[in-house]
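>>> model the structure of this input:
(2 chains)
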Amino acid sequence: MKQLLYSLLLKLLHLLFTCAELVYGAVQRLMWQFSRVPVTPPLADICANGRQLAKRPEHLGVILVEKDICWQTLADIILWSTAYGIHYVSLYDRSGRVRAGAEQQLRPHLERRRRALFGAVPCTVSLVEGGAEPGPTANGHSGDGGGQYHVSVALLWEPDGVGDMVAAARRLCSEVASGARRADSIDRHMFGEQLRAAAAWPDPALAIKLGPVRALLGYLPWQLRLTEVLDAPPRRPLLYRDFHRLLTAYGGIQQRMGT
Amino acid sequence: MAVNMTWISDKKLTWYESVCMNVLKTGQVPRHVAFIMDGNRRYAKRNHIEKTEGHARGFTKLSETLKWCRDLGVTEVTVYAFSIENFRRPQSEIDGIMNLAREKFELLLKERDKLSEHGVCIRFIGDLSLLPADIQRQTAEVMLMTRNNKAARLNIAFSYTAREEISRAVRDVAAGVSDGHLWSSDVTERLVEQCLYTRESPRPDLLVRTSGEVRLSDFLLWQTTHTCIFFTEVLWPDFSIWHLFSAVFTYQRNYDVIQAARADRSLRRLQHSTDGLLPGTARPSDSMTRPGDSAGESLDSTDSDSECAADDRVDSASQSAAAQKRVQSFLSHLDAARWGRLESLVAEGS
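Predicted coordinates:
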């Protein structure tokens, strides 16, 4: 009897939280609907905001842990990052939806939002699958972009995480088997260099998690070592002010690096 | 505040804490919880006490937390006690932490009966060779003393970083290949995982980090890819049972989504592991041919397709069995070597 009562209490508690989350989500969406006019400031203001940050990540990670993908939010994050002077952005969705939708969904959004934000100012976005070479860019140019505004975007999924480490281990073991390498030469510095996901990129200093799930679901485990993980406001598209707040919060974080 | 001088706390819960715990226990309870116990030094500064005293209060909190976990039904706990990066701290602070460790590990040895009574197995994970020799011996003694306890396990990450753990596991596997125990095609996620310090343990279901930091700081990077992560502002010595309840409640709210992602991943992992053992993909670095195969043979001259497929399945099954045998033999060898090292350490000290 006691057990039944305890179980009912827990179910009630979870139900209350679910209701509260639903109401909160509905309010958030309504507020977003009514405040969508003045959302994104002009490019010059965004750039000025970027310059005022205490620090900015060289590599920004975006982790999708929600059912629905808001392509506009992804395009906006990429373009705002570009304006802030961030050169590397990795977009992670464990099941590969971002990779699959890059051409049909992300690219058109990127193009539309780029025109709205950058106008005639050159801006180069290179979409990169995992550790592959850069592909064609959002504004029709190719290559890594030598202009003022350029960003490389890695489209990652689950095999780019632990799977990448296992693949690296296999390659190293093949080299050991063939006598090309000694087993005792493997250390953490050398092993990190063997990974192909976002290869040669700096580790992500900041990752923005989109969605309410409290897990990273396989995002670049090796590279995640010192990444600050911040949650975007759930249940509505990201606004510029949210992005700026997250980057400002990151700027205020001090890492002691073990000391 | 009296300093708790035991690893196995017997502190009783209040009636309302017991009720809340019983309510929570009717839902999903994590089997394995990991803690990044951060904030001892900030706690010491805030309370105007010595850093070493802050660490001692942190130990008291650990003892209490282990009791709460035991009451909840958590069977495995992993704690981040000391990182390899922490060796960069001022020498006086490192000395203070090492002295505290000596004292607490000695206490573990004295609490042998209590540990046996509760069936607690203790394992130190990390590059223990970086520690002072006497502490290495203590850790070896504790591990050997509790190795047959099966009811619960406490992993103490001491002189640990996940990158060191992963690269060491890969190095061990590569040494196995070099020695001829393994083929490079035997290397799978499961194999690397079985060479980590946390081998034999389920992955953590819940990771709790205190003190408001929102990063993993090189802790269990491989194992926590699909773990519910709970960041909380409280400093570790101030961590209370309510924070733990809150973490477990959060785990329950995220349970379905994370389990679905884990299941999906396991399915793909199984597929991936099997692929590595298919005929023609075995031993990619060594000989790619099987007995009887030859580059000059024409496929047209063989028997019917169905018979070929049947032959392939038989070959595949026998190759898979051979690979499993190699892996098992290698892991037994590795395990024996690791226990052997611990026994030698203890023997050197006696």
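
>>> which residue would be the closest one in the stretch 51-200 of chain A to chain B?
A:S174 (3.4 Å; CB to the nearest CB). C-beta here means a position set from N, CA and C on the backbone, and glycine is covered the same way.

>>> what about that residue, which helix or strand?
Using DSSP states H and E, A:S174 sits in helix A:162-177.

>>> what's the offset of that helix from the middle of its chain?
Using CA atoms, centre = their mean, to the nearest Å, the mean C-alpha position of helix A:162-177 is found 26 Å from that of the whole chain.

>>> which other helices and strands contact that helix?
The helices and strands touching helix A:162-177, judged by 3 or more CB pairs under 8 Å, 6 or more residues apart in numbering or on different chains; DSSP states H and E, are helix A:188-194, helix B:162-178, helix B:189-194.

>>> packed most tightly, which of the ones you listed would that be?
Per-stretch averages of neighbours, counted by mean count of other CB atoms under 10 Å in any protein chain shown, single out helix B:162-178 among these, with a mean of 23.

>>> what inclination does that one have with respect to helix A:162-177?
40 degrees (axes from the mean of the first three to the mean of the last three CA atoms, to 10 degrees).

>>> any part of helix B:162-178 near chain A?
Yes - contact of helix B:162-178 with chain A (CB under 8 Å from any CB of the partner chain) involves B:A162, B:R163, B:E164, B:I166, B:S167, B:V170, B:R171, B:V173, B:A174, B:A175, B:V177, B:S178.

>>> what's near enough to touch A:H109?
A:W71, A:Q72, A:L74, A:A75 (CB atoms under 8 Å, 6 or more residues apart in numbering or on different chains).

>>> chain B next: which of the residues you listed are close?
Of these, not one also sits near chain B (CB under 8 Å from any CB).

>>> of these, which is the most crowded?
Within these, neighbour counts (other CB atoms under 10 Å in any protein chain shown) peak at A:L74, which reaches 27 neighbours.

>>> so it is in which element?
Per DSSP H and E: A:L74 is located in helix A:71-84.

>>> what are the C-alpha coordinates of that helix, in CSV please?
C-alpha atoms of helix A:71-84 as CSV (Å, rounded to 0.1, in the frame of the first residue of the first chain):
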residue,chain,number,x,y,z
TRP,A,71,17.1,25.4,-39.6
GLN,A,72,16.7,29.1,-39.3
THR,A,73,18.3,28.9,-35.8
LEU,A,74,21.2,26.9,-37.2
ALA,A,75,21.7,29.4,-40.1
ASP,A,76,21.6,32.3,-37.7
ILE,A,77,24.1,30.8,-35.3
ILE,A,78,26.5,30.3,-38.1
LEU,A,79,26.1,33.8,-39.4
TRP,A,80,26.2,35.5,-36.0
SER,A,81,29.3,33.5,-35.2
THR,A,82,30.9,34.7,-38.5
ALA,A,83,30.1,38.3,-37.5
TYR,A,84,31.7,37.7,-34.1
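
>>> if we can go back for a sec, which one of the residues of helix B:162-178 next to chain A is nearest to B:C228?
Using CB to CB, B:A162 comes nearest to B:C228 of the residues of helix B:162-178 next to chain A, at 17.9 Å.

>>> the stretch 1-150 of chain B: strands as residue ranges?
B:32-36, B:76-83, B:120-125 (DSSP state E, counting those that start in this stretch).

>>> of the ones you listed, which approaches chain A most closely?
Closest of these to chain A is strand B:76-83, at 5.4 Å (criterion: CB to the nearest CB).

>>> the closest one pairs with which strands, parallel or anti?
When pairing is defined by DSSP bridges, strand B:76-83 lines up against strand B:32-36 (parallel), strand B:152-160 (parallel).

>>> right, and B:R171 touches A:R182 too?
No - taking contacts as CB atoms under 8 Å, B:R171 lies outside contact range of A:R182: 10.0 Å.

>>> neighbours of A:L216, how many?
Neighbour count for A:L216, taken as other CB under 10 Å: 26.

>>> which residue comes closest to it once chain neighbours are left out?
In space, and not counting its chain neighbours, A:L216 is closest to A:I63: 5.9 Å by CB to CB, 6 or more residues apart in numbering or on different chains.

>>> which residues touch that neighbour?
By CB under 8 Å, 6+ apart, the residues touching A:I63 are A:Y92, A:A207, A:I208, A:K209, A:L210, A:G211, A:L216, A:L217, A:Y219, A:V229.

>>> which element is the fourth one on?
So the one you mean is A:K209. Taking DSSP H and E as the definition, one finds A:K209 inside strand A:206-210.

>>> got the CA coordinates for the helix or strand following that strand in CSV?
Scanning forward in sequence from strand A:206-210 by DSSP H and E, the next helix or strand is strand A:228-231. C-alpha atoms of strand A:228-231 as CSV (Å, rounded to 0.1, in the frame of the first residue of the first chain):
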residue,chain,number,x,y,z
GLU,A,228,31.9,24.9,-21.6
VAL,A,229,28.4,23.6,-22.3
LEU,A,230,25.6,26.1,-22.1
ASP,A,231,21.9,25.6,-22.7
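
>>> contact partners of strand A:228-231?
A:63, A:205-209, A:216, A:246, A:249-250, A:253, B:214-215, B:229, B:231.

>>> pLDDT wise, what is the residue nearest to B:Q223 when sequence neighbours are not counted at?
Nearest non-adjacent residue to B:Q223, counting by CB to CB, 6+ apart: B:R203, 4.7 Å away. Looking at B:R203, its pLDDT is 96.

>>> do you know how far the residue nearest to A:C173 when sequence neighbours are not counted is from B:S178?
Spatial nearest neighbour of A:C173, excluding adjacent residues (CB to CB, 6+ apart): B:S184 at 3.9 Å. Per CB to CB, to the nearest Å, B:S184 is found 10 Å from B:S178.

>>> run the contact check for the top helix by length along chain A versus chain B.
In chain A, taking DSSP state H as the definition, the longest helix is helix A:2-34. Yes - among the residues of helix A:2-34, A:K2, A:Q3, A:Y6, A:S7, A:L9, A:L10, A:L13, A:H14, A:F17 lie within reach of chain B under CB under 8 Å from any CB.
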